[in-house]
Structures are given as C-alpha cells and as structure tokens.
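Undergrad: Kindly generate the corresponding structure for this input.
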Amino acid sequence: MSGIIGYIGNKRVVPVLLEGLQRLQYRGYDSAGLAVIRDNTLEIRRATGKLRNLEEVIRLNPLDGTYGIGHTRWATHGAPTEQNAHPHRDCHGTVVVVHNGIIENYLELKQALEAEGHKFATEVDTEVIAHLVEKCLGGNGAGAPSLEEAVRVAVRQLTGVFALAIISTRDLNKIVAVRQGPPAVIGLGKDEYMVASDVPAILYHTRDLFFLADGDVAVLTPNGVTLTDFAGQPVKRRVQHITWDPILAEKGGFKHFTMKEIYEQPRAVRDTALGRVSPETGQVFLDEMEISEEDFRTFREIKIVAAGTSRHAGLAGKVMIERLARVPVEVDYASEFRYRDPLVNPHTLTLLITQSGETADTIAGQREAQAKGSKTLAICNVLGSMAPREANGTIYTHAGPEIGVGSTKTFTAQLTALYLFAVYLGQARGLLPPADAKQLLADLTALPRQLESVLQKDEEFEDLARVFDRASDFLYLGRGVHFPVALEGALKMKKVSYIHAEAYPAGEMKHGPNALIADGLPVVVIATCDWKAEDSRARYERTISNIKEAKARGACIVALVTEGDREVREMADHLITLPHTNELLSSILEVVPLQLLAYHIGVLRGCDVDQPRNLAKSVTVE
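TA: Residues are numbered from 1 along each chain as shown. Now for the predicted structure:
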C-alpha cells in the first residue's frame, strides 16, 4: 500500500531517503514526505503527487540531518493532500511516524486523545499513533520511558495492521521500527542501518538483511540493531544475504519497468525451473519442506487461494494439477475465502499464490486454512516474506524484483512453478509415467527459447496497438487453460491502458455476452492448439465456432494461433502466431503478446504503465 524507509548511519541522510523512496514508488504515489533530525531539531518536507514534487520542495527549501525516515503514500484515509501526507507529528512536533497499513480503531483512540487535550491536524489514521506515542512518553523528567518503551505501550493499544518507523527529538539517535501485518525489512550495513518496506530500497547499501515478524520491535542506532517483541522480550531473526543484483531493480535501458520485466520472462521461467528438473529421468525436485511425499499422495483435494494476477495463475494451475495428478482443485478469491467458512480439513492442501508473500487477504486465508488443520504450501517470489514463513512448504519463483504494478514476469514464473508442481504431484501419486514426465519437462526446457522468439515480434504488437489505442472496450475469449490467460489479458488492458475489458469462457458467449458485440469491437480470441492432442483439437474446433459467431456480429477479431494453423487465419482480422508446445504450457506463451499489446496501448494513451492510477504493487491491507 505505502512505502516506508528509515536510515541511520554515516551517509548524508536526505539523499539516502530519497533514493529509497525512488525504489518504493511502486508501493504508493499519492504523496511523499520525509523527516530528519539534526542537532536536536526535527524538520519535515512533504508534497502531493509523484516523488519529483517532493524533490522540488527540498530543492527550494533544503534540509539535512544525521538520520531520518521517509514515506510514499497510497491514500486509505483522507484525501491525498500535503496535510495528509506522511510523516505525521504529535502535538508538539517531537514525535514523527511513517506508517503502512490501517488502524481500525483510530476513531475511538482519536476521540479519547482529543478528550485529553490532544489537537489533531489531519484526517488520517496514522496521526493517532504519533499522539499515542507522545502520551506514552510522558514528561521530560528523570525516569521518562525510552522511545521504544513508549512505542511498545502504544502499539499494544492499536487494532489493525501496521508497519511503522518512528523517531523523536526526545530520544535521539534512534529509529524504532514495528511490524504487525505489512512487510518490514531491516538492512545491516557497515556502520549504517536501514528499515524499509521492501528489499530494493536497501540493496544499494547492503545485501545483509532480515525480515521483521509480526509483533517485532526493532531499535536502530548508530551502534546496531536490537530486537524485541511487544512485551520487551528479546527475539532473534535469521540474517539473510540477498543475491539479487541491485541493477535488477533498475530499468536496464528500457523506457519502463513493465517493458523490462516483460523481456525478463525467458530468464524468469528458466531460473524458476533451474535445479528442479532432471531431463534425463523426468524427475521434479521441490524445495525442502515439511510436507512429505506421502502427504502429497494422500491429499484428497487442493484449495488454491490467491488474488488478482496470482488467482489467474491459480486457475491455470487447476487445469494443470487436475490433468496430471487427478486431484480435485478449487480456486478461491483470497478476499472471499475466509469469510465463507471454507470446507478444509487435514486432508486438504491449501496452496497460496502470492508475488510478495505479504498480500493481506491471502495471509488471512492461509491462517484460516491452518486453523482448520490444513497444511499450506506457498508459491512466492520474495524470500523470507510472511506467507513462506508461515507455510509448511514453499516453491519460490525466481523472477527477481518486480517493480511494475501490473505483474508480468511473476505471473509466468508462477505458471512455471505450478506446472512443476503438477508434474511432481502426478509422479508422487503414481499417475505420470516417466516417459510422459520426460516429455513434459523437455517442453518446459524449450520454453524460454520460444518466449524469446515471441518477444522478437514486439514491433508487430506495437503496430497492432496503433490500431486499437482509441478503443473503448475489449473482449477476451478462451477455453480450458486458455480462459485464465484471457482473464489476465483483460486485467492487463484495464490496468495499464484504462480501457474497459472483459473476459469470458468462449463457450459462454451464447449465454449473454454476444449482446456486447457491436461493429468494430476488438475481440481477442485465444485459439491455439496442441496438434498432437485430441482434446486440444476438440477445443480448437469449438473456438472456431465462437470466432464465426463474433465475426458475423461485426467484431474485429484478434486471434492467437499456433504455428501451422490453417483455419483461423482465414477468419481473423489480425493474427498472432505462437510456437507449438503442449497445451498446459501454452498459457505462458500466450500471455506475452497480451501483455505487450496492453503495454503499447497504455503508452500510446499516455498512461503511467508502471504505476497505474489507484493501484499499488503490494496490497497489504484488506
């Protein structure tokens, strides 16, 4: 939702904070601000809109300090105004707070504090925290609590989810960081220490870090970091050395992060499969986990819990798993799962799919399943994040940092992980002969090269975008494993171009959606085919019927077809030809042209393709 950064060390603090905020812009961009302390004096600068507006404010009104905190905001309470921008202060301007999350009981706390004489200046929930810490600090005399002691008392009164960084002129040379829900990572450098919402913000300073767990309070000083729980008891967290090259979080010569990440998909697929397959034996090796092969053999059902793009990956994964392992799979919206009293038990495997590992409703679904005795398996891109830490096992995708809000390479990496899992599960349950497994893995090994061949056609997709950049609506159709790709294509079009787009199973058109078709409506049809598979050919033939129906009603057909196609090319207005692979892997090839089409249309329409309006990369509150 929002991004937080804090730094204490031997560098000039303002450039460090601005650099960190630059790498956190994808988390929020309604406003930004920072606070620094120098010579017992606290100074704050804030601005609405993009980070460049804050940089201009600082250029016109410079400040400096020895340590400080910063924030980039996606509004949840109060309008995105300068007044409502973080950091937020107490009555006397001695305590400042930056916050990611939502305080659910802030109105109750605010009313109680106002009754005690506290004066509030904003509409936002975060300001309550500053006033509460001020109250818990008490007077200035001997025996007054330390900042971390006051923070521990304050946070125990909060209801909701929050990651915090707090500084105060009443307890100098100290940043107190807190986690209860949203992510927070502590960076350990040489005589410098950082707190941030995400890893890219600190990689240029250190790759040694640890993630705070819920209920952790970290105190950063020039001498190091101490860690306790909310009760003040010492705790320990494992320090990790991140191998990501910081340049992975930069644009690398591309105009936008989104384009860079689309082009990184061959590598993301290759790296996700690396070390997990034996082409010679057809064996799949999963990461070490608490779920045994015997467990995988005896699960009676799988529940997939995910949100947004990850849910679309889950829908494709359902087809993969049911086809190769013959286990019934149900895919849930994470935001709905725990509220419907789901029927899970110890014979259920709950599979969480989350790019960040911190998606609030997915975590809530995970805990609901665990409470009912289900083992949980996470597919995740972020090492050490919440979902993997709480799961019985994790399949990490190795996509590297993804900055663009509209997930691209993490989607294809998730599909790769699901494909590997489906093959593994089919083998574990004795349903997949070695020869079949070897062929499935050979197809996967060939996929990165095929993806590169699709990317080489980008000029075609850019030309196609010029045909449709004035469109007001899009319709996407697919059958079987192709329907989730249609959903993902429509979602990408909505996100990065702001064009209304819908997706349907192609067979549903006669049941209502045909009424949407008018002259010139762009209808994107996924009509690929695995020519070797009879069931795929049958779906292809049915899809041709749908193309004819749409064409007869005046639609402009954009068709995705497989090399060797003869029939669809005679009907389509625009043709996108893809390499041949088995049908379960075809979704990874199909989504790339849809990503590029949406991207180029978004650019032509002048949209912010990396940071679409009203959205944030990691949805850490429900």
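Undergrad: At which residues are the helices of the stretch 201-350 of the chain located?
TA: 257-263, 265-273, 293-298, 309-325, 334-337 (DSSP state H, counting those that start in this stretch).
Undergrad: Which of those helices sits closest to Ala121?
TA: Set against Ala121 and scored by CB to CB, the helices of the stretch 201-350 of the chain come closest in helix 334-337, at 33.2 Å. Heads up, the C-betas are built off the backbone N, CA and C, glycines and all.
Undergrad: quick one: buried residues of that closest one?
TA: Ala334, Ser335, Phe337 (16 or more other CB atoms under 10 Å).
Undergrad: Not counting its own residues, what contacts that helix?
TA: Around helix 334-337, the neighbours that count as contacts under CB atoms under 8 Å, 6 or more residues apart in numbering are Lys303, Val305, Ala306, Ala307, Arg311, Thr359, Asp361, Thr362, Ala364, Gly365, Glu368, Glu622.
Undergrad: Repeat the analysis, applying 6 Å as the threshold.
TA: Outside helix 334-337, the residues that touch it by CB atoms under 6 Å, 6 or more residues apart in numbering are Val305, Ala306, Ala307, Asp361, Thr362, Gly365.
Undergrad: Same question for stretch 183-201.
TA: Applying CB under 6 Å, 6+ apart, the contact partners of stretch 183-201 are 3-10, 20, 23-24, 27, 100, 163, 165, 177, 202, 205-206, 208-212, 218, 220, 225, 249, 358, 401.
Undergrad: rerun that using 7 Å as the cut-off
TA: By CB atoms under 7 Å, 6 or more residues apart in numbering, the residues outside stretch 183-201 that reach it are 3-11, 20, 23-24, 27, 100, 163, 165, 175, 177, 202, 205-206, 208-212, 218, 220, 224-225, 239, 242, 249, 358, 385-386, 401, 620.
Undergrad: hang on, the earlier thing: turn the helices of the stretch 201-350 of the chain into CSV, including mean pLDDT and distance to Val485.
TA: Formatted as CSV, these follow (pLDDT from 0 to 100; distance: least, CB to CB, whole Å):
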stretch, mean pLDDT, distance to Val485
helix 257-263, 92, 15
helix 265-273, 91, 14
helix 293-298, 93, 27
helix 309-325, 96, 7
helix 334-337, 89, 20
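Undergrad: Nearest to Glu459 among these would be which one?
TA: Closest of those to Glu459 is helix 257-263, at 13.2 Å (criterion: CB to CB).
Undergrad: which strands and helices sit next to that closest one?
TA: On a contact count with 3 or more CB pairs under 7 Å, 6 or more residues apart in numbering; DSSP states H and E, helix 257-263 meets helix 583-604.
Undergrad: How far off centre is the host helix or strand of Leu415?
TA: Per DSSP states H and E: Leu415 is located in helix 409-428. Computed by CA atoms, centre = their mean, to the nearest Å, the chain-centroid distance of helix 409-428 equals 18 Å.
Undergrad: right, and the helix or strand after it?
TA: Following helix 409-428 toward the C-terminus (DSSP H and E): helix 434-455.
Undergrad: Could you give me the buried positions within that following helix?
TA: For helix 434-455, the neighbour count (16+ other CB under 10 Å) marks Ala437, Lys438, Leu440, Leu441, Asp443, Leu444, Leu447, Pro448, Gln450, Leu451, Val454, Leu455 as buried.
Undergrad: mind saving the C-alpha coords of that helix as CSV?
TA: Extracted C-alpha coordinates of helix 434-455, given in CSV (Å, rounded to 0.1, in the frame of the first residue of the first chain):
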residue,chain,number,x,y,z
PRO,A,434,8.5,-41.5,-16.7
ALA,A,435,8.3,-41.2,-20.4
ASP,A,436,5.4,-38.7,-20.2
ALA,A,437,7.2,-36.7,-17.5
LYS,A,438,10.3,-36.5,-19.5
GLN,A,439,8.4,-35.1,-22.5
LEU,A,440,6.6,-32.6,-20.2
LEU,A,441,9.9,-31.4,-18.8
ALA,A,442,11.5,-31.3,-22.3
ASP,A,443,8.7,-28.9,-23.4
LEU,A,444,9.4,-26.8,-20.3
THR,A,445,13.2,-26.7,-21.1
ALA,A,446,12.4,-25.4,-24.6
LEU,A,447,10.0,-22.7,-23.4
PRO,A,448,12.5,-19.9,-22.6
ARG,A,449,13.8,-20.0,-26.2
GLN,A,450,10.2,-20.0,-27.5
LEU,A,451,9.4,-17.0,-25.3
GLU,A,452,12.4,-15.1,-26.8
SER,A,453,11.1,-15.8,-30.3
VAL,A,454,7.7,-14.2,-29.3
LEU,A,455,9.4,-11.2,-27.9
